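**Q** How does the following fold in three dimensions:
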Amino acid sequence: MNNIPDEPIPPEIIVSALTQAIGQILRRLRVEANPDGLNFSQTAALALLADNDGMTTADLARAHAMKPQSMSTILANLEQEGLVVRSPDPTDRRQILFSLTDQGVEARQKRSTAKHGWLLTAVAKLCPSERQTLLSAADIIRGLSSS
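**A** Sure thing, here's the model as predicted:
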């Protein structure tokens, strides 16, 4: 038996593998969890409105690092689909606030259910040791995101 420790893996290799893996899972989740056919920007706007009811176009644009004109187009499409509604700001009637409609809330829930359903099915196919490894990796990734 050889007691020589394994060579340390260079951080660059880990970063490359992690970036690829996270990118692949995110792309797959976007595909699997898109029952309503919304694009990424529309979905991101709905997510923000789900967490922060009543946001202006400028607030939403700033949160997504985009121009207000681009966000206006996204909001107009979501409004046309019946997913968001506009109303005057009660404290500043010159401002327009956007909120999710009941249909918008339902679209968010459908997306979340589809995403979790696909991921649950994929994880259920793993053997117990792979599940444990994945759980440990999730803890490590969570730690990376907070450092």
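**Q** make it CA atoms for all contacts and neighbour counts henceforth
**A** OK.
**Q** Does residue 65 belong to a helix, a strand or coil?
**A** Three-state assignment for residue 65 (DSSP: H, G, I helix; E, B strand; the rest coil): coil.
**Q** show me what contacts it?
**A** Not one residue lies near residue 65 by C-alpha atoms under 8 Å, 6 or more residues apart in numbering.
**Q** Identify the residues contacting the residue most central in space within the chain.
**A** What sits nearest the mean C-alpha location of the chain, by C-alpha atoms, centre = their mean, is residue 44, with 6.7 Å. For residue 44, the contact set (C-alpha under 8 Å, 6+ apart) is empty.
**Q** Residue 130 versus that one, what's the distance?
**A** According to C-alpha to C-alpha, to the nearest Å, residue 44 stands 31 Å off from residue 130.
**Q** Just to be sure, the residue nearest to the centre of the chain is in a helix?
**A** Yes. Counting by three-state DSSP, residue 44 is found in a helix.
**Q** how close does it get to residue 22?
**A** Where residue 22 is concerned, residue 44 sits at a distance of 18 Å (C-alpha to C-alpha).
**Q** which stretches of this structure form strands?
**A** Under the criterion DSSP state E, the chain carries strands at the ranges 84-88, 96-100.
**Q** Among the ones you listed, which comes closest to residue 117?
**A** When the strands of the chain are compared by C-alpha to C-alpha, strand 96-100 sits nearest residue 117, at 23.4 Å.
**Q** Good, wrapping up.
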